[in-house]
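> sharing a sequence plus its predicted fold:
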Amino acid sequence: MHKWLLLAFLIFCSFAVLPAGSVYGASYELEHESVLGLSVSYVTVNMSDRSIHPVLMTGDGALGSGGSVASMAASAKVFAAVNGSRSESHNGLTAPLGLLMRDGKLIHSSNIGAAAGITSDGKLIVDRLTFDFFGYVNGEYRAIPWSLNHPNSENEAITIFTPDYGAPAYIPAGGRGVVVSDGTVIRFASSSCDVPPDGFVIAYNQDVVYLVDDRYRIGDKVSYDYQTNTTFTDAKDWEKVYVAVGGGASLLIKGEITADGRSEGFSDSKFGTERIARSFIGARSDGRIIIGTLNASNIAEAAAVCKSLGMVDAMCLDGGDSSALYFEGEPIRAGRNVSNAIGFSGAGYEPPSPAAMAEAVLNDQKISVNSEAATLRAYNIDGNNYFMLRDIAVLLAGTEYRFSVDWDQAANSISLRKNGHYMRNGTEMKRGSGGAATRRIPAGSASLFVDGTRQDFTVYNVDGSNYFKLRDLGKALGFPVEWNEASRTIVI
């Protein structure tokens, strides 16, 4: 009898130590539901599995870069990801607008909107936060910086740039930068400059530039600190936060609906009554974290959906065209390029094989349709040009070969209808780089149907958009494709 008990115990232990994801759904799973009349796709992550870790991702690892959620997730080898904070274009730079924390360190500050943080023990908290910064020269409090790692053109701005910024510190015309290495002022800069890997740069804009000579000398010891101001939580809780993302309106805090964009500093209707696609992050009372997207809704409706899904804390992330969700190698909802995203890695997740990637050369390809010339972005793969499906739909919209495009997110399928009217979504007709640029792109998995008949075509997914071989589309939709060697032009 003792032998049987020992055998049962060994069998139990062998199952108990299975890695995360080895039993599908044990540690994370993707679900699609209709909740309160809204279509919701979401991933539930069991944070009690200690092999799972949150990951804050940025384009090329830098705050000033952008990329698709799918490309960031593939690079970071996470099993699930959702787009993060809002971003803005500033003097040619892509800059996040919300709080960001990575590896327990604040890398971007914001005093607008809410923030969701995940502690080192896997607990998610949501709050409305503000930050106060303090600058010290030779141990004396002498400076009041405004923000961390956010390029600011306001005349009186004082901004700290650290190596996490990933680009030269932004110093506008008439401003000056105090360059600090290993805690010591090593030089002054009158234009944008590199950030020392062991230091930071304090940028003074033009109206406060006089303070530089008043406060700093070469060799001075300089440091900074900041204070986190909370509304609903204890500031000590944020000292335990490992990863955080902010900049959206809160939806639920400690079980209470808080969906009120104006009280969090937003004046835009997108953070109130306007109905747009939404992304969210939240947690249930049992600690499970949920990331997801839902179709057009206002923030009150988004809060009601999150509450219906059992969440007690939740926050909106960037929405509209930025809304994106990724799961196990596939974009569940494709969005435009964004500044940052948040994902989850786990010991049991096997990322897609590199063999599923293709070498692609980006180029601008000339196309003539009924003698009307156009230039489209294309990727040349193994000698064949692949075009974004929606670009071709726009190109043929006014011809006898026009077709409509319908995307079924839940089924991951595309339906084309011959002679249908195409509706633009704003992603179309973007030009290429102007020259050859090689990158690796993943094979797509979306199914394509033409008038209800499935087509067996090769598809590639680039930044959330599906690319097909033009001759394949021509064969299925009935339009002729020819090549004019003299003008290097595709002729339809």
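Here it is on my side, so go on. Numbering: from 1, shown residues only.
> what number of residues lie near the nearest residue to Ala173 once chain neighbours are set aside?
Take Ala173 and drop its neighbours on the chain: the residue closest to it by C-beta to C-beta, 6 or more residues apart in numbering is Gln206, 7.1 Å away. Just so you know, the C-beta spots here come from the backbone N, C-alpha and C atoms, and that holds for glycine as well. Neighbourhood size, Gln206 [other C-beta atoms under 10 Å]: 17.
> check the one 3 residues further on too.
In terms of burial, Val209 registers 17 neighbours under the definition other C-beta under 10 Å.
> could you pull out the helices in the protein for me?
Counting by DSSP state H, residue ranges of the helices within the chain are 2-16, 69-76, 210-215, 235-238, 299-308, 389-395, 470-477.
> now, of the ones you listed, which is deepest in the fold?
Between those, the one whose residues have the most neighbours on average, counting mean count of other C-beta atoms under 10 Å, is helix 69-76 (a mean of 24).
> who does that helix touch, helix- and strand-wise?
Judged by 3 or more C-beta pairs under 8 Å, 6 or more residues apart in numbering; DSSP states H and E, helix 69-76 is in contact with strand 53-58, strand 80-83, strand 325-327, strand 330-333, strand 340-345.
> what's the local residue count around the residue nearest to Pro168 when sequence neighbours are not counted?
Setting aside the residues directly before and after it, Pro168 is nearest to Ser192 in space (C-beta to C-beta, 6+ apart), at 4.3 Å. For Ser192, the number of neighbouring residues by other C-beta under 10 Å comes to 18.
> likewise Asn384?
If we define neighbours as other C-beta under 10 Å, then Asn384 has 13 of them.
> settle this for me: it is touching Lys469, isn't it.
Yes. Contact criterion C-beta atoms under 8 Å: Asn384 and Lys469 qualify, at 5.3 Å.
> distance check, the residue nearest to Val312 when sequence neighbours are not counted against Glu428.
Leaving aside its chain neighbours, Val312 sits nearest to Gly255 (4.5 Å; criterion: C-beta to C-beta, 6+ apart). Counting by C-beta to C-beta, to the nearest Å, the gap from Gly255 to Glu428 is 43 Å.
> comparing these two, which residue is more hemmed in?
With other C-beta under 10 Å as the criterion, Gly255 and Glu428 differ in neighbour count, and Glu428 comes out ahead with 18 against 10.
> per-residue pLDDT, the more buried one?
Reading off the per-residue confidence, Glu428 sits at a pLDDT of 78.
> state the distance from it to Leu396.
Plainly put, Glu428 is 12 Å away from Leu396 if you go by C-beta to C-beta.
> just Glu274 next, same as before
For Glu274, the distance to Leu396 equals 33 Å [C-beta to C-beta].
> between those two, who's got more neighbours?
Remark: of Glu274 and Leu396, Leu396 carries more neighbours, 19 against 15, as counted by other C-beta under 10 Å.
> if we can go back for a sec, mind checking which of the helices and strands packed on helix 69-76 is nearest Trp407?
Each of these was scored for nearness to Trp407 using C-beta to C-beta, and the closest is strand 330-333 (9.6 Å).
> what helices and strands are in contact with the closest one?
Contacts defined by 3+ C-beta pairs under 8 Å, 6+ apart place strand 330-333 against helix 69-76, strand 325-327.
> what's in contact with that strand?
When contacts are defined by C-beta atoms under 8 Å, 6 or more residues apart in numbering, strand 330-333 is touched by residues 30, 41, 68-70, 277, 293, 323-326, 409, 412, 445, 461, 464.
> buried subset of those residues?
Restricting the contacts of strand 330-333 to buried positions leaves 30, 41, 68-70, 277, 293, 323-326, 409, 461, 464, with burial counted as 16 or more other C-beta atoms under 10 Å.
> cool, thanks, talk later.
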